[in-house]
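Participant: here's a sequence, model it:
(one chain, ligands or ions: 3)
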Amino acid sequence: MSTHRYSALLTDLYELTMLAGYFEKGMHRQTAVFDMFFRHNPYHAGYAIFAGLQPLLEYLSELRFTASDLAYLKALGIFKPAFLDFLEGFRFRGKVTAPTEGTAVFAAEPLVTVEGELAEAQLVETALLNIINFQTLVATKAARIVSVARPGIVVEFGLRRAHGPDGGLSEARAAFIGGARSTSNTWAGQVFDIPIKGTHAHSWVMAFPDELSAFRAYADCFPDQCILLVDTYDTLASGVPNAIIVARELRASGHEVRGIRLDSGDLAYLSKEARRMLDEAGFPDIKIVASSDLDETVIQSIRNEGGCVDIYGVGTQLATCGGEGGGSLGGVYKLVRFDHHPKLKVTSDIAKATLPDRKRLLRAVLPNGEYCLDVICLEDEEPGPGTTVFDPVNPARTKTVPPDAHFEEVRQVVMQNGQITRPSPSLDAMADRCVEQMRRLPNGTIRLTNPHIYKVAISSGLHDMRTRLMQEALENQPGYREE
Ligand SMILES: Nc1ncnc2c1ncn2[C@@H]1O[C@H](COP(=O)(O)OP(=O)(O)OP(=O)(O)O)[C@@H](O)[C@H]1O
Ligand SMILES: O=P(O)(O)OC[C@H]1O[C@H](OP(=O)(O)OP(=O)(O)O)[C@H](O)[C@@H]1O
Ligand SMILES: O=C(O)c1cccnc1
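Facilitator: Ligands and ions are numbered 1, 2, ... in the order given. Model (predicted):
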């Protein structure tokens, strides 16, 4: 569902000045192809989970300059009237190719490819990166957290620590794609139809004369959604025993306490003790919720210690994409074809050289359904099983596509002539896709630390084209002399 209209001014000024320049030089209608990709998986992870496509397509479909946008740009005094007239009729009519949200993707792979006139393909750079970088970063963090929490479930609690209201909204969406089963963010629930869940705060307990009367009052108000926060005073000496008293009283009136929440201390130890006390009191179905600065490492530690947590409430670390290698995803948007010619950003560092031209992204799948490597090839290439492919950074290293593998196309055309051509799957289907993708990755790829590096290779056609373009670019440098 659409949240709001995106402004056409959701862009960096330089996109607009370049556009004005291309317009003035008569270049704006020349054809261009741009690729969005990132150079390193976030969190030093073995994979990333692609997210943000549906909001991106909404932005592209709605992109137009309103009268007030044009008045604002005019008042800046830097744009000429003819250009402002051009912007008035501006619409995005390009083509977009991308994976489905929830798909596992890897560093160096072309993710979103935008093809169209230079003006439209250039203008959308900033918004595209803003949307895809953030949602992919959050979905990946959620997938990491969920991968260690399972079969425990993850609830997203991050709104209070998210980067602004809009950050909190899109974060809840991306966290759901990455595997969080619900959110505390009520607005996200309304906008995206994500299940919403919640308990109560310490202030509830403190607003009553004592913990037991606070628990009784909460059970009275919410007899069928009663989850009690048990750590305000002393978790095991008062919180859990008081929760058991209220659970007995509620049962006598035909209802059940649903859960207790632990929010401090050693969550492994406390959850085991609380589980034992609840079971002994005849409440094996009361769930244990844990929160308190959780992330994938803490959850793994709780699991390793045999903790009895059923539900992990994860806020700050998920909303802010914390942890080493987190914080931001460095996705970039590079010109790969212009005016019917493949383009390459030449650099002495081959790791930073772009992959030219229109490309396909293929995933080699073994007979058992497991993914074994990805191959980036030119649009008209058909690499088959048994083909030799090249490491993009060190092409002296080659690999053979297993002869019994078959290729799956990772991306599809999702927009043509500015019209969405593939309806977006539901958020549930995206979340299911993420689960399925993680299941099909090789063992070790989803490990938190030092993961197995999933191979991404380039085809011989792409390798040859890149080598030729690098050579041509060098020869065109003033002062170049072949040794
Ligand atoms: N078993 C565990 N293994 C690893 N880390 C844990 C475990 N249990 C809790 N933690 C983490 O240890 C930290 C300690 O929490 P502690 O209760 O001391 O602080 P707190 O929750 O910030 O307390 P308060 O909110 O009362 O100040 C939290 O960040 C929590 O995520
Ligand atoms: O720790 P997070 O992963 O961000 O999860 C959300 C946290 O937000 C709430 O506490 P808050 O820090 O607002 O205050 P409190 O713990 O003092 O109640 C809640 O009790 C969690 O601890
Ligand atoms: O419902 C909760 O328990 C909750 C919601 C947001 C943040 N912390 C806790």
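
Participant: what is the burial count for the residue in the chain that ligand 2 sits nearest to?
Facilitator: Residue of the chain nearest ligand 2, by Cβ to the nearest ligand atom: Gly315 (2.7 Å). Yep, even glycine has a C-beta here, placed from its N, CA and C like the rest. By the criterion of other Cβ atoms under 10 Å, Gly315 has 20 neighbours.

Participant: that one - nearest residue in space that isn't next to it in sequence?
Facilitator: Nearest non-adjacent residue to Gly315, counting by Cβ to Cβ, 6 or more residues apart in numbering: Phe157, 3.7 Å away.

Participant: what of Glu324?
Facilitator: Distances taken as Cβ to Cβ, 6+ apart place His44 nearest to Glu324, at 6.3 Å, with adjacent residues excluded.

Participant: cool, Ile302 as well?
Facilitator: Take Ile302 and drop its neighbours on the chain: the residue closest to it by Cβ to Cβ, 6+ apart is Ala268, 4.7 Å away.

Participant: what's the spacing between that neighbour and Gly158?
Facilitator: Distance, Ala268 to Gly158, using Cβ to Cβ, to the nearest Å: 23 Å.

Participant: who has more neighbours, these two?
Facilitator: With neighbours defined as other Cβ under 10 Å, Ala268 and Gly158 compare such that Gly158 has more, 26 against 19.

Participant: Val154 and Ser184 touch, don't they?
Facilitator: No: between Val154 and Ser184 there is no contact under Cβ atoms under 8 Å: 11.9 Å.

Participant: looking at stretch 157-166 now, give me its mean pLDDT.
Facilitator: Taken as a whole, stretch 157-166 has a mean pLDDT of 97.

Participant: mind listing what's buried in it?
Facilitator: Phe157, Gly158, Leu159, Arg161, Ala162 (16 or more other Cβ atoms under 10 Å).

Participant: tell me the residues of the protein that contact ligand 2?
Facilitator: Applying Cβ under 6 Å from any ligand atom, we find that the chain lies next to ligand 2 at 157, 160-161, 201-202, 263, 291-294, 313-317.

Participant: what do you get if the cut-off is 8 Å, keeping everything else the same?
Facilitator: 157-158, 160-161, 201-203, 229, 261, 263-264, 291-295, 313-319 (Cβ under 8 Å from any ligand atom).

Participant: before we move on, back to that, dump the buried residues of stretch 157-166 into a markdown table; add distance to ligand 1 and secondary structure as well.
Facilitator: Listed next are these as a markdown table, based on distance: Cβ to the nearest ligand atom, whole Å; DSSP: H, G, I helix; E, B strand; the rest coil:
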| residue | distance to ligand 1 | secondary structure |
| --- | --- | --- |
| Phe157 | 13 | coil |
| Gly158 | 14 | coil |
| Leu159 | 18 | helix |
| Arg161 | 13 | helix |
| Ala162 | 19 | coil |
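
Participant: and the two most separated of these?
Facilitator: Pairwise distances among the buried residues of stretch 157-166 were taken by Cβ to Cβ; the largest, 10.2 Å, belongs to Phe157 and Ala162.

Participant: neighbours of Leu278, how many?
Facilitator: Leu278: 23 surrounding residues under other Cβ under 10 Å.

Participant: which other helices and strands does the helix or strand containing it contact?
Facilitator: Assessed by DSSP states H and E, Leu278 sits inside helix 267-280. With contacts defined as 3 or more Cβ pairs under 8 Å, 6 or more residues apart in numbering; DSSP states H and E, helix 267-280 has these neighbours: helix 240-252, strand 259-262, strand 287-290, helix 296-304.

Participant: now the longest one: average pLDDT?
Facilitator: Spelled out, it's helix 240-252. 98.

Participant: and the helices in the stretch 1-150 of the chain?
Facilitator: Applying DSSP state H, counting those that start in this stretch to the stretch 1-150 of the chain gives helices spanning 13-24, 53-62, 67-76, 81-88, 118-123, 125-149.
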